[in-house]
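> Got a sequence here, can you model it:
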Amino acid sequence: MNKLFFTADQHFNHHKIIEYANRPFENIKEMDRILIKNHNSVVGKNDTTIHIGDFAFLKSFKEVKLFYLSKMNGNHKFVRGNHDYWADKTIPTILDVKVDKRKIVCCHYSMNVWNRSIYNEFHLFGHSHGTLTGIGKSFDVGVDCNNFTPVSYDQVVEKMKTLPNNKGYKENYES
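Below is the predicted model of the structure:
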């Protein structure tokens, strides 16, 4: 069965991120190699990964495909982050994903409320490199706070069980 994964803030080819985010890598070559290795260790060839911003510090999607996606397992969907200079206007800034009966809002930036948050639906984000605690059922799926590895949908569900209800959540509220 195909699995769904989420991740953010890989910052491939961004040498300054090692210093900014205090990453434990000697250089971008080592960082990129380990991020790809970790990705492939959990994501299968037929799985899908949603990258929630700041995938690569490059100028074109052609470079993204050549240098990174060609080496990474699975299918890839993207949400635009503030360092995704390669991304054109077809890459959304917010992506609503439906898994089973659950709706998940994916945005590079953390939000206080989001579409269907009143129903306790999930929000996944990045950008803060593990320095910001989400509100309610929101979770930073960035590599810096997840062992530099994508997070599976099942892991997201388990994490959300440990978090408080969303602001404004109305039990038994009719849609």
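
> partners of Arg106 in the sheet?
One thing to correct before we go on: residue 106 is Cys, not Arg. On the basis of DSSP bridges, Cys106 is bridged to Leu95, Leu124.

> For stretch 125-140, measure first residue to last.
One end of stretch 125-140 sits 5 Å from the other (CA to CA, to the nearest Å).

> which residues are in contact with that stretch?
Residues from elsewhere that reach stretch 125-140, judged by CB atoms under 8 Å, 6 or more residues apart in numbering: 7-9, 20-21, 52-54, 81-82, 106-112, 114, 117, 120-124, 141-142, 144-145, 156, 159-160, 163-167, 169. All C-beta spots, glycine's among them, are computed from the backbone N, C-alpha and C.

> swap the cut-off to 7 Å and go again
Applying CB atoms under 7 Å, 6 or more residues apart in numbering, the contact partners of stretch 125-140 are 8-9, 21, 52-54, 81, 107-110, 112, 117, 120-124, 141-142, 144-145, 156, 159-160, 163-167.

> for it, the distance to its chain's centre please.
The chain centroid and the centroid of stretch 125-140 are separated by 10 Å under CA atoms, centre = their mean, to the nearest Å.

> what's the average pLDDT for that stretch?
Regarding stretch 125-140, the rounded mean pLDDT is 94.

> Show me what counts as buried in the helix or strand of the chain with the lowest mean pLDDT.
Within the chain, judged by mean pLDDT, DSSP states H and E, the helix or strand with the poorest mean is helix 61-67; its value is a mean of 93. Of the residues in helix 61-67, those buried under the neighbour-count criterion (16 or more other CB atoms under 10 Å) are 61, 64.

> Stretch 97-113 now?
For stretch 97-113, a neighbour-count test (16+ other CB under 10 Å) marks 97, 102, 104-110 as buried.

> Same list, those residues, but as a markdown table with pLDDT and distance to Ser41 please.
Output for the buried residues of stretch 97-113, formatted as a markdown table (pLDDT from 0 to 100; distance: CB to CB, whole Å):
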| residue | pLDDT | distance to Ser41 |
| --- | --- | --- |
| Val97 | 97 | 23 |
| Arg102 | 92 | 26 |
| Ile104 | 97 | 23 |
| Val105 | 98 | 27 |
| Cys106 | 98 | 22 |
| Cys107 | 98 | 27 |
| His108 | 98 | 24 |
| Tyr109 | 97 | 28 |
| Ser110 | 97 | 27 |
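
> Same list (the residues you listed) but as JSON lines, adding distance to Ser60.
As requested, the buried residues of stretch 97-113 are arranged in JSON lines below (distance: CB to CB, whole Å):
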{"residue": "Val97", "distance to Ser60": "26"}
{"residue": "Arg102", "distance to Ser60": "34"}
{"residue": "Ile104", "distance to Ser60": "29"}
{"residue": "Val105", "distance to Ser60": "28"}
{"residue": "Cys106", "distance to Ser60": "23"}
{"residue": "Cys107", "distance to Ser60": "24"}
{"residue": "His108", "distance to Ser60": "20"}
{"residue": "Tyr109", "distance to Ser60": "24"}
{"residue": "Ser110", "distance to Ser60": "28"}
